[in-house]
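> sequence and predicted model, in that order:
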Amino acid sequence: MESRYKRIVFLTGAGISSESGVRTFRDSQGLWEEHKVEEVASPQGFKRDPVLVWKFYSMRRIQANEVHPNKAHIALADALHNLEQSGCRTLLITQNVDTLHERAFGALPSKNFIDIHGTLSRSKCTKCQKVFSDRWCYFDGKSQPVQNHADNLWSHPGLQCLLSMPRRNAQGIPLSPCCSDLLRPDIVWFGEKPHGVEHAIEQLTTCDLFVSIGTSGNVYPAAGFATVARKAGAHTASINLEPTENSSAFHERIQGVASEKVPEFLKKIWQ
Ligand SMILES: [Zn+2]
């Protein structure tokens, strides 16, 4: 079997993970102990109170470890593998930090995958920006330091992995093995530049199919990706529970739950 397309870019957002039970910042319940998002998701917030930020992300890592990839993640992982095998070039761009694509794949060539908002499975040194695969949780919800190793989180190939709990300062903040400076979650916070946008745009301008899954179309830069691909001549399709805000950018608009609509759509890619 051959794919009807030669270069495909997929974009995923929160909607692909909602059936797995992942909570997001945008849910009314998603705020953690009533903290403003800026307090726990900005460089200024980390500078002001790194303990609070690490408590927040430790809880998110624990939560991520309690949920599992659903049928949509698994169908997409299988399709990407088969498409690559058949000679089709693919790129998966996700806005999610929940690690569920990583886990559906087991191992994913990093050139074919961009987590534009970062991931819960990595940390980085605040001094030299070196990135580590880091599956540790450093605090529990009651401010107690914990040593919880999230075993089934995927380790990013090519990255140094923190196999043992890194040294921590007197406050309990983990310190980087490279510079002994503070480690922070490798999450793109407010005011920071998303990962890999140049590479994404390059692929979007040369793809012949662009598929957006579970995104509401109101978070930039990803909200503009469909328009970029469409202008470059690609067929554009959206799969989402609700109508998307940028729906005019899509030739094909499919409404429904990801676990049903994504496997259905992926079958149609083959001739
Ligand atoms: Zn460093």
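Noted; the coordinates are in hand. Since the model is a prediction, treat every value here as computed from it, not as a measurement. Residues are numbered from 1 along each chain as shown.

> secondary structure class for the residue of the chain most remote from its centre?
Residue farthest from the centre of the chain, counting by C-alpha atoms, centre = their mean, is Ala170 at 31.3 Å. Secondary structure for Ala170, judged by DSSP: H, G, I helix; E, B strand; the rest coil, is coil.

> got the buried residues for stretch 198-218?
200-201, 203-204, 207-217 (16 or more other C-beta atoms under 10 Å). The C-beta positions use only the backbone N, C-alpha and C, and glycine is treated the same way.

> re the thing from before, per-residue confidence for the residue farthest from the centre of the chain?
Predicted confidence (pLDDT) at Ala170: the value is 92.

> cool, Thr24 as well?
Thr24 is given a pLDDT of 61.

> with Val53 instead?
With respect to pLDDT, Val53 has a value of 93.

> excluding its backbone neighbours, what's nearest it?
Phe46 (4.8 Å; C-beta to C-beta, 6 or more residues apart in numbering).

> for Cys161, see how far away the residue farthest from the centre of the chain is.
26 Å (C-beta to C-beta, to the nearest Å).

> coming back round to it: of the buried residues of stretch 198-218, just say which sits nearest to the ion.
Nearest to the ion among those, counting by C-beta to the ion, is Ala200 at 26.7 Å.

> surely that closest one is in contact with Phe113?
No - the criterion here is C-beta atoms under 8 Å, and Ala200 misses it with Phe113 at 10.9 Å.

> shared neighbours of these two, anything?
Common contacts of Ala200 and Phe113 (C-beta atoms under 8 Å, 6 or more residues apart in numbering): Leu91.

> which bits of this protein sit near the ion?
Cys125, Lys127, Cys128, Lys130, Ser176, Cys178, Cys179 (C-beta under 5 Å from the ion).

> go again with 8 Å.
Cys125, Thr126, Lys127, Cys128, Gln129, Lys130, Ser176, Pro177, Cys178, Cys179, Asp181 (C-beta under 8 Å from the ion).

> list buried residues within these.
The neighbour-count test (16+ other C-beta under 10 Å) marks Cys125, Thr126, Ser176 as buried among those.

> redo those residues as CSV? Include pLDDT.
Converted to CSV, those look like this (pLDDT from 0 to 100):
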residue, pLDDT
Cys125, 97
Thr126, 97
Ser176, 95
